[in-house]
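Enquirer: Need a 3D model of the sequence below.
(one chain, ligands or ions: 1)
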Amino acid sequence: MTDVPRGNWAGNVAYAARRFHRPSTVDELRRLVAGSDRIRAVGTGHSFNRLGDTTGDLVSLAGLPPTVEVDRERGTVTVAAALRYGDLAARLHAEGLAVANLASLPHISVAGSVATGTHGSGDGNRNLAAAVAALELVTADGDLVTVSRADGDRFAGMVVSLGALGVVTRVTLDVVPTFAIRQYVRRDLPADRLDAAFASAYSVSGFTTWRSSTIDQVWRKQLADQPPPPADWLGTTAADAPLHPVPGLDPVHCTAQLGEPGPWHERLPHFRLGFTPSSGDELQSEYHLPRAAAAGALAALAGMRDRIAAVLQISELRTIAADDLWLSPNHRRDSLAVHFTWVDDAAAVLPVVDEMEQRLAPFAPRPHWGKVFTLDQPSVATAFGRYADFAALLTELDPTGKFRTDLLDRYFPR
Ligand SMILES: Cc1cc2nc3c(=O)[nH]c(=O)nc-3n(C[C@H](O)[C@H](O)[C@H](O)COP(=O)(O)OP(=O)(O)OC[C@H]3O[C@@H](n4cnc5c(N)ncnc54)[C@H](O)[C@@H]3O)c2cc1C
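Expert: Predicted coordinates:
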């Protein structure tokens, strides 16, 4: 098939699969999984590392019917795994519903995002995987099984799966009533006001080039019925025209700013569906740190600000509330996520990533599973409290290793 991605969105990974598949029924998928000795699912390919790769069969679920089934009594929606958040959001909003939060872009698939613990921002918002109430998946022997919160702790181990426990066919998500957001962009936040900025609204992001300690832009996404920030808010100035987070790029790619109210799905992401998110020519890394250690971790990185700035397009700071999912970067930890959009030059970026990881080591950094990181296996094992339980689940559900990849073998050696 030609309509399965042959590499990731960023273009830094060419998938090594021998065969590419796009089944149109779940039965076809079940036969594929049962008959393959090495298989992975791919979503929209927005990860920056080889997590979604395989040397065997790569399967896209984009050919399955794009179902969206709302259960108003339970307050959930059950969706086809390959559906993009942007497509789901429009359907939900039309029904008067929403999901609590979104990532910076709506272009990503629900199953792929959940599998890596993808997140947005907000002191009170958990990551997107925390909204998962149930999963339907094809397990290694081709069986179709459903797991839900009723399965307790084991379910908490299966949601952020890294794609390693089976091929997810349907995802059930918690929904809330639809809501409206106003987005204000403010400039030049003093670093010591960052906590106050995060606490000020529903979802807040800070953007910095690391050239100084000042946070160059704050994107404040507030519930529409809240009063706008005052003129002298936290020592910032108001942007008088829409901005792109990456200096010099066209804000036409971005969601509406200047306080214009709009539905949640057209304000919570930074980037608009149908437009290129971010810069498009980039690599990304991201580390989740304990919120309580945020000041120390940022100070540690400030000690290498010139090295970071030299290979950086933009850096984003976000907050995420703790959850219970075993491999979630936010497992039992309110978090500060420090994100880096690098220039597209791995040889220049990787030594900087390596030094950053050494500086962050005292804070037990948890990597974004879908981005570029070089941490060693013991660091990852120590940072995730339920690491050993997930490793055991991996062996139990995939005894022959058909869903494994080199990256999984590195971090969860057999
Ligand atoms: C421009 C840009 C902006 C981004 N912004 C954010 C952000 O704001 N917040 C954030 O947290 N991340 C962000 N990311 C990272 C992105 O959210 C994650 O990499 C996410 O996993 C992408 O989803 P995907 O559908 O592209 O997954 P893919 O990259 O296709 O796959 C990711 C993983 O999911 C697995 N998978 C996919 N589908 C299935 C399935 N059906 N069953 C089982 N496993 C499956 C794959 O095997 C793989 O291991 C950004 C990425 C880009 C390119």
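Enquirer: Report the closest residue of the stretch 101-250 of the chain relative to the ligand.
Expert: residue 112 (2.2 Å; Cβ to the nearest ligand atom). (Glycine included, C-beta is placed from N, CA and C.)
Enquirer: need the contact list for that residue.
Expert: By Cβ atoms under 8 Å, 6 or more residues apart in numbering, residue 112 lies in contact with 41-47, 52, 163, 370.
Enquirer: sec struct for it, please.
Expert: helix (DSSP: H, G, I helix; E, B strand; the rest coil).
Enquirer: What segments of the stretch 301-414 of the chain are strands?
Expert: Using DSSP state E, counting those that start in this stretch, the strands of the stretch 301-414 of the chain run over 312-320, 335-342, 366-367.
Enquirer: What angle do strand 312-320 and the second one make with each other?
Expert: What that stands for is strand 335-342. 160 degrees (axes from the mean of the first three to the mean of the last three Cα atoms, to 10 degrees).
Enquirer: how distant is strand 335-342 from the center of its chain?
Expert: In terms of Cα atoms, centre = their mean, to the nearest Å, the centre of strand 335-342 is set 11 Å apart from its chain centre.
Enquirer: Show me what that strand is packed against.
Expert: Strand 335-342 makes packing contacts with strand 283-290, helix 294-302, strand 312-320 when contacts are defined by 3 or more Cβ pairs under 8 Å, 6 or more residues apart in numbering; DSSP states H and E.
Enquirer: do the same with the shortest one
Expert: Identification of packing neighbours for strand 366-367 by 3+ Cβ pairs under 8 Å, 6+ apart yields strand 283-290, helix 377-383.
Enquirer: What lies in contact with it?
Expert: Residues contacting strand 366-367 (Cβ under 8 Å, 6+ apart): 285-289, 329, 331, 333, 335, 373, 375, 380, 383-384.
Enquirer: State the mean pLDDT of it.
Expert: Strand 366-367 carries an average pLDDT of 98.
Enquirer: ok, and does that strand reach over to the ligand?
Expert: No. Judged by Cβ under 6 Å from any ligand atom, strand 366-367 and the ligand are separated, with a smallest distance of 11.1 Å.
Enquirer: Show me how far that strand is from its chain's centre.
Expert: Offset of strand 366-367 from its chain centre (Cα atoms, centre = their mean): 12 Å.
Enquirer: One more: the longest one?
Expert: Shown here is strand 312-320, whose average C-alpha point lies 13 Å from the average C-alpha point of the whole chain (Cα atoms, centre = their mean).
Enquirer: Pull up the pairing partners for it, direction included.
Expert: strand 203-208 (antiparallel), strand 335-342 (antiparallel) (DSSP bridges).
Enquirer: can you state the direction angle for the shortest one and helix 294-302?
Expert: Calculated by the same axes, to 10 degrees, strand 203-208 forms an angle of 30 degrees with helix 294-302.
Enquirer: Would you confirm that residue 386 contacts residue 157?
Expert: Yes. When contacts are counted by Cβ atoms under 8 Å, residue 386 is listed as touching residue 157 (6.8 Å).
Enquirer: Now list whatever residues contact both of those two.
Expert: With Cβ under 8 Å, 6+ apart, residue 386 and residue 157 have common neighbours 326-327.
Enquirer: between those two, who's got more neighbours?
Expert: residue 157 (23 against 19; other Cβ atoms under 10 Å).
Enquirer: low-confidence ranges in this structure?
Expert: Along the chain, the parts satisfying pLDDT under 70 run over 1-2.
Enquirer: Okay, angle between the longest helix seen in it and strand 312-320 too, please.
Expert: Longest helix of the chain, by residue count under DSSP state H: helix 346-360. Angle, helix 346-360 to strand 312-320, by the same axes, to 10 degrees: 40 degrees.
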